[in-house]
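K.L.:
with the sequence up front, the predicted model follows.
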Amino acid sequence: MMKDELRQSKVLVIGCGRMGGAIIKGWCNGLVAPDNITIVDPTPFPDLVSGVKQVSGPEEITDDFFDVVMLAVKPQIFPKIMSLYAPFISEKTLILSIMAGVETQAIEAMTDSKQAVIRVMPNTPALVGAGVMVCFANAVATPQNEALCDTLFSPLGSVHWVHDESDMHAVTAISGSGPAYLFYFAECMVAAAKNTLKDEVLAAKLAKETLYGAALLMQQEAREPMALRQEVTSPNGTTQAALEVLMSDGVLDALANNALQAASKRSLELSALEPA
Ligand SMILES: NC(=O)C1=CN([C@@H]2O[C@H](COP(=O)(O)OP(=O)(O)OC[C@H]3O[C@@H](n4cnc5c(N)ncnc54)[C@H](OP(=O)(O)O)[C@@H]3O)[C@@H](O)[C@H]2O)C=CC1
Ligand SMILES: O=C(O)[C@@H]1CCC=N1
């Protein structure tokens with residue numbers, strides 16, 4: 001589908017919270033005409049682009065057909081709503097799902113027809129065009145469907161594809177949930193900075209700006225994080241003193257492993273939710 005055609009496409013978004021809202025914002029930036037987007041959400045979205053229609057349930061939807069339907073409700077809600085949207089989906093509709101865990105097989109069961117379904121695991125940096133989106137297409141999805149998905153998500157950041165659906169659990173643990181790990185590290189670093197520097201406002205600023213600069217350097221340099229770390233670390237200097245604490249007994253290594261495994265396991269559990 002060409003970009004001009006995409007602007008005319010009818011898009012239905014079911015669930016418009018933090019992640020769905022971020023994606024719609026990106027799409028309204030010249031990709032899809034806001035007038036062609038309908039969102040269903042019982043809670044009014046506070047910062048909706050002008051022109052986007054918001055309704056609170058399927059009975060209020062005014063269009064009969066949508067080219068793209070994106071599922072952006074919590075995985076736990078999906079079994080309760082899946083049967084309600086079949087009337088708006090035709091064989092030509094591409095279903096996108098950003099829900100953690102929920103497998104294409106469960107989504108295909110929304111309709112009786114053979115349905116193109118693409119799962120996309122995004123993350124919240126999509127709000128600033130620096131998201132990571134990882135996609136998996138079911139067997140029905142065509143190369144055109146995949147190209148449409150690329151077109152829709154590449155303005156929001158980098159787009160990657162996996163070809164084994166079970167990889168989506170690990171993907172969710174790494175890039176879907178990943179921003180929260182860095183934010184938690186930032187929380188800890190800000191708290192520690194405030195204990196170290198009297199000017200607490202400056203302390204918080206220094207910690208956050210440093211994480212931003214380090215992330216940007218890592219993204220722009222071809223070198224691995226270890227090499228970048230070694231560049232900061234003077235022999236017997238201040239960084240070495242701090243790293244000896246952070247790296248002692250491989251505690252952080254083990255924690256990172258356990259955390260990613262816990263997230264991946266939870267994704268697997270979410271895939272076992274039964275229809276209501
Ligand atoms: N947040 C993130 O970083 C990421 C989230 N995801 C996935 O995105 C999906 C949404 O997550 P997130 O945006 O964080 O969650 P939110 O709770 O912010 O958004 C979900 C929205 O769905 C609404 N909703 C609840 N019931 C219905 C219904 N019956 N029909 C339509 N809308 C409904 C909720 O309203 P109300 O608040 O009133 O319940 C809410 O506004 C999840 O499946 C999650 O796994 C994927 C990657 C990253
Ligand atoms: O926490 C969650 O379940 C969702 C999926 C990835 C990020 N947030």
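P.N.:
Structure's in. What do you need? Residues are numbered from 1 along each chain as shown. Ligands and ions are numbered 1, 2, ... in the order given.

K.L.:
drop to CA atoms for contacts and neighbour counts, all remaining ones
P.N.:
Fine.

K.L.:
give me the local confidence score for the nearest residue in space to residue 129 that is not next to it in sequence.
P.N.:
Excluding the flanking residues, the one nearest residue 129 by CA to CA, 6 or more residues apart in numbering is residue 156, at 4.2 Å. Residue 156 carries a pLDDT value of 96.

K.L.:
could you check how far residue 156 is from residue 69?
P.N.:
According to CA to CA, to the nearest Å, residue 156 and residue 69 sit 18 Å apart.

K.L.:
ok, now residue 199?
P.N.:
Counting by CA to CA, the gap from residue 199 to residue 69 is 50 Å.

K.L.:
kindly report the same for residue 120.
P.N.:
Residue 120 is 13 Å from residue 69, where distance means CA to CA.

K.L.:
need the overlap of contacts for the two.
P.N.:
residue 96 (CA atoms under 8 Å, 6 or more residues apart in numbering).

K.L.:
quick check: the residue nearest to residue 129 touching residue 123?
P.N.:
No: applying CA atoms under 8 Å, one finds residue 156 not in contact with residue 123, separated by 9.6 Å.

K.L.:
quick one: low-confidence parts of the stretch 1-150 of the chain?
P.N.:
1-2 (pLDDT under 70).

K.L.:
closest approach to ligand 2 from it, which residue is it?
P.N.:
residue 100 (5.0 Å; CA to the nearest ligand atom).

K.L.:
for that residue, what are its contacts?
P.N.:
Applying CA under 8 Å, 6+ apart to residue 100 gives the contacts 74, 75, 121, 169, 172, 267, 270, 271.

K.L.:
which element, helix or strand, includes it?
P.N.:
Take DSSP states H and E as the rule and residue 100 turns out to sit in neither a helix nor a strand.

K.L.:
and if you look at residue 202?
P.N.:
Using DSSP H and E, residue 202 falls in helix 200-220.

K.L.:
ok, and the closest non-adjacent residue to whichever residue of the stretch 151-276 of the chain sits closest to ligand 1?
P.N.:
Closest contact between the stretch 151-276 of the chain and ligand 1, by CA to the nearest ligand atom, is at residue 176 (4.8 Å). Once flanking residues are discounted, residue 176 sits nearest to residue 123: 4.9 Å by CA to CA, 6+ apart.

K.L.:
count of residues packed around that neighbour?
P.N.:
Neighbourhood size, residue 123 [other CA atoms under 10 Å]: 25.

K.L.:
quick one: contacts for it?
P.N.:
Residues in contact with residue 123, defined by CA under 8 Å, 6+ apart, are 19, 131, 132, 133, 175, 176, 177, 178, 179.

K.L.:
who wins on neighbours among the residues you listed?
P.N.:
Ranking the contacts of residue 123 using other CA under 10 Å puts residue 133 first, with 26 neighbours.

K.L.:
so the closest residue to that one other than its chain neighbours versus residue 99, what's the distance?
P.N.:
Closest residue to residue 133 apart from its sequence neighbours, by CA to CA, 6+ apart: residue 122 at 4.3 Å. From residue 122 across to residue 99, the span is 9 Å (CA to CA).

K.L.:
mind listing the shared neighbours of residue 156 and residue 123?
P.N.:
Each of 131, 132 lies in contact with both residue 156 and residue 123 under the rule CA under 8 Å, 6+ apart.

K.L.:
how about the residues of the stretch 151-276 of the chain by ligand 2?
P.N.:
172, 176, 177 (CA under 6 Å from any ligand atom).

K.L.:
would you mind giving the residues you listed as TSV with pLDDT added?
P.N.:
Below are those laid out as TSV (pLDDT from 0 to 100):
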residue	pLDDT
172	98
176	98
177	98
